[in-house]
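> Return a 3D structure for these sequence lines:
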Amino acid sequence: MKRSVISLFMAAGTFLTVLGFAPSAGAQASAPDAASSPANPVDPAAIQALQKMGAHLQSLKRFNVSLDLTGERVLEDGQKLQHTATAELQVDRPNRIRAFMRSARSEREIIYDGKTAVLYEPEQKYYSSVAFDGNLGALIAQLREHYGVEFPLADLFIWGTPDAPVDQFESAMFAGQDYIGADICDHYAFRQKDIDWQIWITTGSKPLPRKLVITRRDDDARPQSVSIVDWTTAPTFKDSVFTFRPPAGAKKIELVPVAEQKE
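Numbers count the residues shown, from 1 in each chain. Alright, predicted model coming up:
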């Protein structure tokens, strides 16, 4: 089942309340004119850039990626309040991952060693485990559909596969270049349903998403989320990070499926 392109960074917003989630130099020349034409609001070069980004993401086998996210929630009188959160993933494809998610409101870890997925809450020292033996994309889908657990940066494992969404855009355009940190990035802007979103991706043969801005159009206040993504494609973490050892005093609890939660 194809998923919304913005779900990648929406997952990071799970612990923020509600928040949301290319790039090649070759797409630059034709993008501005094609995208601005009323007869062609979706620039094919922008879609190709997303596909190129996805192909590169799928080529990464062992990496570390971190997210700094700032999101807004809107009070009844229209006043906006900002909140922040962070996430970090240590990944060893096809079936090992450790995710850390943190905000002022909560902390959570997800650890998967290819046989068992563990959800751990450090503050309460509660953990749950689920037997599983699929790849990371299948794990993410299983946790979401059966347990209502959102995974940070989930679409990193969707782009570059047949499930990646490429046909849901009302408009898509190239918007120039900017520096994100020390990286020169191609900037693209997309519109779909009630969402406007922008993405900045490193130029060249190894395109990686570095920044994302999401604006909700279904809310008159137009709340935004801004995400900065940092990458380490030659990580130094050890295989032991994928092994969960319950700390002293930790208590195991049952992970209840969504269907049973609604009963």
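> need the helices for this protein, in chain order.
7-12, 31-36, 44-59, 136-147, 258-261 (DSSP state H).
> closest to D219 out of those?
When the helices of the chain are compared by CB to CB, helix 7-12 sits nearest D219, at 14.7 Å. For the C-beta atoms, the positions are set from N, CA and C on the backbone; glycine is no exception.
> So which residues of the stretch 101-250 of the chain form strands?
Assigned by DSSP state E, counting those that start in this stretch, the stretch 101-250 of the chain shows strands spanning 107-112, 116-121, 126-131, 171-180, 183-192, 195-202, 209-216, 224-232.
> name the helices or strands packed onto the last one?
Secondary-structure packing of strand 224-232 (3 or more CB pairs under 8 Å, 6 or more residues apart in numbering; DSSP states H and E): helix 7-12, strand 62-74, strand 209-216.
> circling back to that earlier point, among the helices of the chain, which is the most enclosed?
Among those, helix 7-12 has the highest mean neighbour count (mean count of other CB atoms under 10 Å), at a mean of 24.
> mean confidence for that one?
On average, the pLDDT along helix 7-12 is 38.
> And the helices and strands packed on strand 224-232: which comes nearest P235?
strand 62-74 (4.1 Å).
> Direction included, what does that closest one pair up with?
Strand 62-74 has the following strand partners under DSSP bridges: strand 80-92 (antiparallel), strand 224-232 (antiparallel).
> List the contacts of that strand.
For strand 62-74, contacts defined as CB atoms under 8 Å, 6 or more residues apart in numbering pick out 9, 12-13, 16-20, 80-93, 152-153, 156, 219, 221, 223-233, 235, 237.
> Low-confidence regions, the stretch 1-150 of the chain specifically.
Along the stretch 1-150 of the chain, the model assigns pLDDT under 70 to residues 1-40.
> Tell me who's in contact with D230.
By CB under 8 Å, 6+ apart, the contact set of D230 is V65, S66, L67, D68, G181, R210.
> For it, give its distance to K193.
Separation of D230 from K193 (CB to CB, to the nearest Å): 29 Å.
> Same check on Q142?
Separation of Q142 from K193 (CB to CB) stands at 26 Å.
> before we move on, what about V166?
V166 is 15 Å from K193, by CB to CB.
> Report the rounded mean pLDDT for stretch 225-232.
Stretch 225-232 carries an average pLDDT of 96.
> May I have that stretch exported as CSV, CA atoms only?
Presented in CSV, the C-alpha positions along stretch 225-232 are these (Å, rounded to 0.1, in the frame of the first residue of the first chain):
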residue,chain,number,x,y,z
SER,A,225,7.2,21.9,11.3
VAL,A,226,10.8,22.3,10.5
SER,A,227,13.2,19.3,10.5
ILE,A,228,17.0,19.2,10.1
VAL,A,229,18.5,15.9,9.3
ASP,A,230,22.1,14.9,9.7
TRP,A,231,23.8,11.8,8.3
THR,A,232,26.8,9.6,9.0
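> Buried residues of that stretch, list them for me.
Using 16 or more other CB atoms under 10 Å as the test for burial, stretch 225-232 gives S225, V226, S227, I228, V229, W231.
> now do stretch 56-70
Neighbour-count burial for stretch 56-70 flags H56, L57, Q58, L60, F63, N64, V65, S66, L67, L69 (criterion: 16+ other CB under 10 Å).
> check contacts around the third one.
Right, Q58. Going by CB under 8 Å, 6+ apart, Q58 touches W159, G160, T161.
> What remains of the residues you listed if I keep only buried residues?
For the contacts of Q58, a burial check counting by 16+ other CB under 10 Å picks out W159, G160.
> got the contacts of Q58 as TSV, with pLDDT and distance to V258 columns?
Listed next are the contacts of Q58 as TSV, based on pLDDT from 0 to 100; distance: CB to CB, whole Å:
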residue	pLDDT	distance to V258
W159	87	25
G160	89	28
T161	87	24
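> Let me have the contacts of Q58 in CSV, adding distance to A99 as columns.
Listed next are those as CSV, based on distance: CB to CB, whole Å:
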residue, distance to A99
W159, 18
G160, 20
T161, 19
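> Many thanks, we can stop here.
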